[in-house]
Every structure is written in C-alpha cells, then in structure tokens.
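Novice: coordinates only, sequence not included:
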C-alpha cells in the first residue's frame, strides 16, 4: 500500500510541483531580500513588528547587531586567550582534540544532555520561586532526521511532560551542548512553557500557542537563559562558556545579516561572510543565510528579546527588587508582546511603591 501511494499520489504531486517551479523560475527575482520587491521596505517593517512585537527601524537593528556582535567577539577572544589560545577558532579545535572533547557515541551524547538537564533542574529553586510540577524528559531526535534537525523542545500536556530532543548523531563536539540544553530545557523553554501550561484560568490559546503570540518573548527568554545559566554556575568550565559565547555571537550576527539581506540589499555572499566572521562554519553560515532569506525577521527575535529581558531586569533591580522575584513576575505573565511585558512590570512596580 505504501508503494502504491508513493507511485500514484506522492510522486505525481512532486512532478506537478516541479512543473510549477520550472514555470516560475524565469520570473523569480535574483535578490534575496524583501527590499527588492515593490513596497518591500514596508513589508519588512511589518515582518519585524510581527516577529519581535516592537516597531523597530531596520537600520537601527543593524547597528545594534554590529555593536553587540563586537562585544561578544571581544568576550570570545578574551576567553580563548585565557584558555591559552590565539583566537576562538584555535580554542575550539583544541577543545575537540582533548580527551572527552568529542562525544563518540549516542549514549555519551544522551548521558551528557540528561546530566545537564538534571543539574539545571536542581539549581532552579535558588533563582525561581515558582517551578513546574516536573522536569522535562530527554530523548534522541528521530534517526531519520539527524542530518537536518538540531536540538529542540516539544511542549508537554497535562498527561505528558515536555521533551528536550537531542541530536545524538556521533561523533559531536562536547563543548557546545550545554548552552543548548540550558536554552531548550532549564532555565529556558521547558521552565517557561511548562509554567505557561500550568497557569490557572489562562485561556487555552495562550497556554498552548505561546510562540504564535510572542516569538521574541519565547526565544528571547531562551537566549537570556543561556547567559543566566552562567550566573547559576551551570557551565562545567571555560570550555562550555566558549560554547555559550559562540551561540551568543550567532544570534547577534543574525541581527546584522537579516537586516542586511532585507533592508540593505545584501548578496548571499555578504551574509555568509558576516556569519563566517562571527564564528560559523561554512555550512552553518550558508544555512543561516537561507533561513534569514526565507523567514524575514524571525532571526531577530532571539537577541532583541534577550536584550529586552536584560534591560527589564536591570530596571527591576534598580528599584530594589530581587532576581528571583523578577523571574517569577516575568514568567507569571506568560508569553506576551514585549511592550506589554514592560508595561505590566512597570504597573506592578508602581503598585509596590
């Protein structure tokens, strides 16, 4: 039956799609970005607003991205030199060559991820007053998708815990798994999403479709959590901190590349060069460029959301609040547009005064 379905339905459908694409190709634009389309500047501003929930000018986002990318690059260089290397690339190569630097089996990869998730769960009470009912599960990505899927989090239900899926294709570098675990599990997406699902009297649309309401809230919290994990003492050493800084650099570079493509008329080669300079390898730089081209402004949500949370936290502490109280106040609101989060926290502060 499977062969029959492929032969009579699936393959003919792909053949029709191929005909459509061949017919369209001569009329397809060469430029990657929205800016090349009629009304493209306004279209891109709309995408920026839709994804980030903030009315930002692309050129301002581009400058912000360059500023923060340089800051992270300086941090990466300082850490590489502290590890005894000339630059981050040399440090990464050395880390993978040392004993334990590469995880040689699926079992090793899964064991390390589970240890990171368990340790982060145990550390949460010192930083959060309210916790979900249970920790997330850790499971391998389906082997059929190991070549095209990285780590990700799948929200749970009332009956099933959320799950952190880990790509266990071996061998893989050990130094950069921790930052992803803390982003996807705790104190990142699992903590945030599980509390959302358990919120009493919250409409089902808000509990189950958080990313549709506030992608910058969700991904911004995930990236904020990568930095927070360092404050929590979760990284095993400078080698895992370097993995965290690699990911911070990528998210800052996305601000530069996304706005470059859609607002400044960048070529694919310009975007790839910028991402390569941030520390990406050739494959990742090309993949990120394709992603930014196909999903305008989605890549902005991570860093812009993180910066908003860091700014709100700074204001909260300046008013005399505590870090744990800040975390509880943010997560109690659920996933919302960032301007709404800011307004709600300011209203709460006014009540306290």
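Specialist: Looks like it came in fine. No experiment lies behind these values; they were computed from the predicted model shown. Numbering: from 1, shown residues only.
Novice: okay, now the unreliable bits of the chain?
Specialist: Screening the chain residue by residue with the criterion pLDDT under 70, one finds the ranges 210-214, 352-353.
Novice: change it to 80
Specialist: Confidence mapping of the chain against pLDDT under 80 gives the ranges 158, 205-214, 349-353.
Novice: that one: strands as residue ranges?
Specialist: Assigned strands in the chain, in chain order: 102-103, 137-140, 152-154, 163-166, 172-173 (criterion: DSSP state E).
Novice: just these: most buried one?
Specialist: strand 163-166 (a mean of 23; mean count of other CB atoms under 10 Å). C-beta here means a position set from N, CA and C on the backbone, and glycine is covered the same way.
Novice: returning to that earlier point: would a markdown table of the strands of the chain with distance to residue 7 be doable?
Specialist: Compiled in a markdown table, the strands of the chain are given as follows (distance: least, CB to CB, whole Å):
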| stretch | distance to residue 7 |
| --- | --- |
| strand 102-103 | 41 |
| strand 137-140 | 32 |
| strand 152-154 | 33 |
| strand 163-166 | 32 |
| strand 172-173 | 38 |
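Novice: and those strands: which comes nearest residue 320?
Specialist: For residue 320, the closest of the strands of the chain is strand 152-154, at 33.9 Å, according to CB to CB.
Novice: buried set for stretch 268-281?
Specialist: 270-272, 274-275, 278-280 (16 or more other CB atoms under 10 Å).
Novice: one step back: nearest to residue 220, out of the strands of the chain?
Specialist: With respect to residue 220, and counting by CB to CB, the nearest of these is strand 152-154 at 14.9 Å.
Novice: ok, residues contacting the closest one?
Specialist: Contacting residues not belonging to strand 152-154 are listed as 136, 141, 162-165, 184-185, 188-190, 193 [CB atoms under 8 Å, 6 or more residues apart in numbering].
Novice: restricted to buried residues, select these in ChimeraX.
Specialist: Once 16+ other CB under 10 Å is used to decide burial, the buried members of the contacts of strand 152-154 can be selected in ChimeraX as follows:
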select :136,141,162,163,164,165,184,185,188,189,190,193
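Novice: filter the contacts of strand 152-154 down to the ones in helices?
Specialist: 184, 189-190, 193 (DSSP state H).
Novice: dump these to CSV, plus distance to residue 17.
Specialist: As requested, the ones in helices among the contacts of strand 152-154 are arranged in CSV below (distance: CB to CB, whole Å):
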residue, distance to residue 17
184, 33
189, 34
190, 37
193, 35
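Novice: and residue 349, how far from residue 325?
Specialist: 11 Å (CB to CB, to the nearest Å).
Novice: which neighbours do the two share?
Specialist: When contacts are counted by CB under 8 Å, 6+ apart, residue 349 and residue 325 are jointly contacted by residue 316.
Novice: got the contact list for residue 65?
Specialist: With contacts taken as CB under 8 Å, 6+ apart, residue 65 has the following neighbours: 252-256, 259, 303.
Novice: any idea how far the residue nearest to it when sequence neighbours are not counted is from residue 25?
Specialist: The shortest distance from residue 65 to any residue other than its chain neighbours is 2.7 Å, reached at residue 255 (CB to CB, 6 or more residues apart in numbering). Residue 255 sits at a distance of 31 Å from residue 25 (criterion: CB to CB).
Novice: what of residue 325?
Specialist: When CB to CB is applied, the distance between residue 325 and residue 25 equals 57 Å.
Novice: name the residue in these two with the higher neighbour count.
Specialist: In this comparison of residue 325 against residue 25, neighbours counted by other CB atoms under 10 Å, the higher total goes to residue 325 at 16 against 8.
Novice: tell me where the stretch 51-200 of the chain has helices.
Specialist: Ranges of helices in the stretch 51-200 of the chain, per DSSP state H, counting those that start in this stretch, are 58-82, 88-97, 106-123, 177-184, 189-198.
Novice: out of these, flag the one nearest residue 225.
Specialist: Ranking the helices of the stretch 51-200 of the chain by distance to residue 225, with CB to CB as the measure, places helix 177-184 first at 5.6 Å.
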